[in-house]
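A.B. asks: okay, sequence plus prediction incoming.
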Amino acid sequence: IKPETVPEVHGMIPAASYNPSSGINARGSLDEWKEKVLKHATGDMQKLAVWIGLSSCLLPLLNEQGIIYHFYGQSSVGKTALLQLAASVNGNGGEPGNSDSLIESWNTTPNALEMTLEQRNHITAPVDELGVYKGPKIGDAIYALANGKGKNRMSGETLKNVEPASWLLNIISSGEISMQERLRDGGETVKDGLLHRSIDLLITPEHVRSCADESSEDCGHRIEIIKANSAQYYGTAGRVFIEYLVNLTNDEADTRYVNDLHEWVCKALLAHCEDRGYQLNTVQKRLLKRFAVPGTAAFMAYDSGILEWGEDEIFATLITAFDIWMANVQPETDPKLEALMCLQTTLGTEHQKFGNLSRNPILSRYEPVYGILLPEKQMLVLPEAIDGWVKHYGVNARQLAKLLDARGFLIRTERDRLISRKLMGNKAINGFIID
């Protein structure tokens, strides 16, 4: 959207190629939205949802990619209200399924979702109910949605390539299962890159309560007010925020202020985490930087008079969200390394089922169960025994032997073979010799 030099955001003129979504609209005044909607958003995740709603227009200024903030948990804990809060910042926060609502459904085709996101460019997109997604691999969808680029398409009329859809925005999503569960259910691997492109946040009643003493009945009543009023008062906060941002970024020094503020929020969040004893890896630090984007929006909205939450509340909410993610994230394990650990444990506990050459150096009358204990604390292990131990990891004995060889734990009796042969009297036994 290209701003003109007019005092109102309603005077902004869309670019010729821009096809705005019908849900991007305004009703009521900012003061009414603050009184009827924002006043009731007192839970930590409700505050975060509002900041996510404001955050997308900062992405191009901060040179950040969009991501998916996915709220998941049991039904009736207020997940839909979080989407309605975020939607009410920029447009109609009505219930999902309402034709006028800004909230979309995961029950759509990838092409249709791409077109919708292009219409919402720089405006946070709420997408409801992950469980109904029926597209191809969800991992590919996450990468595509975060990268902001659709697939190349061909026009049915001209048979020429059409410029692919593009967008830059954050997505706020909901569902009863996490993105990680959805990936694993589909047989996909949860890679590090997916962990900071889609942030799973488990929603429990305590995360939507205004305080620990709020009863379930009072919390539920407050959530119902949010849901009802988000469909009546909406769209004004986003317009005032964009107007503030447009006026701010007319000056180069003010543009630097946005980036400096974001950097300060990042450093402050890291300091808070270190004070709490976290030792963060690279992926966790990148994810912390993702949380700093809605945090930056919160500080700017406070400065512009849209929100009234100050520094302590903002950081407390962001750290709570990070704690939730840290407590529930399940990084993908390497099945080969898991199989190696299984092998190490099994060899330590099942050695009594190996033939012992130190007690009987011939063993010609014996049929070893798992293998042979050799001198110098070496073991010849039968391939079929290893296969039985590690088959549920999707790994076989030969693959494990290669890993053991690379780590210096496999003894080769022939240079070009991983497997070794031992003569026990008249009998030859083939197996892998492990040191």
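C.D. replies: Looks like it came in fine.
A.B. asks: grab the nearest non-local neighbour of residue 269.
C.D. replies: residue 288 (5.3 Å; Cβ to Cβ, 6 or more residues apart in numbering). Quick note: C-beta positions are derived from backbone N, CA and C, even for glycine.
A.B. asks: tally of neighbours for the one you found?
C.D. replies: Residue 288 has 24 neighbours, counted by other Cβ atoms under 10 Å.
A.B. asks: likewise for residue 218?
C.D. replies: Residue 218 has 12 nearby residues by other Cβ under 10 Å.
A.B. asks: checking it next. Helix, strand or coil?
C.D. replies: Three-state call for residue 218 (DSSP: H, G, I helix; E, B strand; the rest coil): helix.
A.B. asks: OK, contacts around it?
C.D. replies: Shown in contact with residue 218 (Cβ atoms under 8 Å, 6 or more residues apart in numbering): no residues.
A.B. asks: over to the one 3 residues further on?
C.D. replies: Residue 221 is in contact with no residue at all, counting by Cβ under 8 Å, 6+ apart.
A.B. asks: in which helix or strand would I find the residue nearest to residue 269?
C.D. replies: Following DSSP states H and E, one finds residue 288 within helix 282-303.
A.B. asks: so which elements touch the helix or strand following that helix?
C.D. replies: Next helix or strand after helix 282-303 toward the C-terminus (DSSP H and E): helix 311-328. On a contact count with 3 or more Cβ pairs under 8 Å, 6 or more residues apart in numbering; DSSP states H and E, helix 311-328 meets helix 44-55, strand 198-202, helix 252-275, helix 282-303.
A.B. asks: average pLDDT for the second one?
C.D. replies: The average of the pLDDT scores along strand 198-202 is 92.
A.B. asks: and it, what's buried?
C.D. replies: For strand 198-202, burial by neighbour count (16 or more other Cβ atoms under 10 Å) applies to 198-202.
A.B. asks: against which helices or strands is that strand packed?
C.D. replies: Identification of packing neighbours for strand 198-202 by 3+ Cβ pairs under 8 Å, 6+ apart yields strand 68-72, helix 179-185, helix 282-303, helix 311-328.
A.B. asks: who touches it?
C.D. replies: Contacts of strand 198-202 (Cβ under 8 Å, 6+ apart): 45, 67-73, 142, 146, 178-180, 287, 290-291, 321, 324-325, 327-329.
A.B. asks: just give the closest residue to residue 37, not the sequence neighbours.
C.D. replies: Closest residue to residue 37 apart from its sequence neighbours, by Cβ to Cβ, 6+ apart: residue 229 at 4.9 Å.
A.B. asks: which residues touch that neighbour?
C.D. replies: Residue 229 neighbours (Cβ under 8 Å, 6+ apart): 36-37, 40.
A.B. asks: now those in CSV, with pLDDT?
C.D. replies: Below are these laid out as CSV (pLDDT from 0 to 100):
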residue, pLDDT
36, 97
37, 96
40, 95
